[in-house]
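Undergrad: can you look at this prediction? I've put the sequence above it.
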Amino acid sequence: MAKAEGYSIWIIPTGEAYSRLCMSIENISNACDTPTFEPHLTLAYGIKGGEKEVSEKAKKLASDLQQFRLKLDGTGRSNEKFRALYLNLEENELITEAMDAAEKLFGKECRPNYEPQIGLMYGDVSDKKKSEMLEKFVRHKNIAFIAERLYLWEINNGPETWKEIADYELG
């Protein structure tokens, strides 16, 4: 599996959305022998720098953003290892504003080059297996949550070694 490195800024779902997404990720992981990970929306990744500097910027970003609602909106798949299966998010100008603010603080090279989404599986799995997993384990219509906090994660190597560094309340 490809390796990630540096730091990443995430929004992690809350409440029922968090519970249901964790269950889907775990079920898919067990069925496909792929890594588990926290469900999250990536605002920035591959951030370079010292932990203190990155943490201060993440804290500023959180204070500049207000809480906002996110709603899951359909599924997707890719041949990219960190986007094998994912859930799209309903279009929302507040997500775009959050990603723009993260880009301003951390640089364009740290902005995801895809539409906002929450991953369900990382790995190299056949399209047939991806379809089976979507049909068997993904039931996320009409699920929404409030983005309440930003999370700073160290993402060196694969998901099994990623660790949370800090979290900050929005607003």
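TA: All right, it came through fine.
Undergrad: burial of the nearest residue to residue 48 once chain neighbours are set aside, as a residue count?
TA: Counting by Cβ to Cβ, 6 or more residues apart in numbering, residue 6 is the residue found nearest to residue 48 once chain neighbours are left out, at 5.3 Å. Any C-beta I mention is one placed from the backbone N, CA and C, and that applies to glycine too. Number of residues near residue 6 (other Cβ atoms under 10 Å) recorded here: 17.
Undergrad: and residue 6, what does it touch?
TA: Residue 6 is in contact with 45, 46, 47, 48, 154, 155, 156, counting by Cβ atoms under 8 Å, 6 or more residues apart in numbering.
Undergrad: please apply the same query to residue 64.
TA: Counting by Cβ under 8 Å, 6+ apart, residue 64 touches residue 101.
Undergrad: hang on, the earlier thing: mind listing which of the contacts of residue 6 are in helices?
TA: With DSSP state H as the criterion, helices contain none of the contacts of residue 6.
Undergrad: now the buried members of these.
TA: 45, 46, 47, 154, 155 (16 or more other Cβ atoms under 10 Å).
Undergrad: quick check, pLDDT for the residue nearest to residue 48.
TA: Looking at residue 6, its pLDDT stands at 94.
Undergrad: now swap in the one 4 residues further on and tell me
TA: At residue 10 the predicted local confidence, pLDDT, stands at 97.
Undergrad: alpha carbons only: can I get the helix or strand residue 52 falls within in PDB?
TA: For residue 52, the element it lies in under DSSP states H and E is helix 51-64. Provided in PDB are the C-alpha atoms of helix 51-64 (Å, rounded to 0.1, in the frame of the first residue of the first chain):
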ATOM      1  CA  GLU A  51       4.500  19.400  15.300                       C
ATOM      2  CA  LYS A  52       4.300  22.700  17.300                       C
ATOM      3  CA  GLU A  53       4.100  24.900  14.100                       C
ATOM      4  CA  VAL A  54       1.500  22.600  12.400                       C
ATOM      5  CA  SER A  55      -0.500  22.400  15.600                       C
ATOM      6  CA  GLU A  56      -0.600  26.200  16.000                       C
ATOM      7  CA  LYS A  57      -1.800  26.600  12.400                       C
ATOM      8  CA  ALA A  58      -4.500  23.900  12.900                       C
ATOM      9  CA  LYS A  59      -5.700  25.600  16.100                       C
ATOM     10  CA  LYS A  60      -6.000  28.900  14.200                       C
ATOM     11  CA  LEU A  61      -7.900  27.200  11.400                       C
ATOM     12  CA  ALA A  62     -10.300  25.700  13.900                       C
ATOM     13  CA  SER A  63     -10.900  29.100  15.500                       C
ATOM     14  CA  ASP A  64     -11.600  30.700  12.100                       C
END
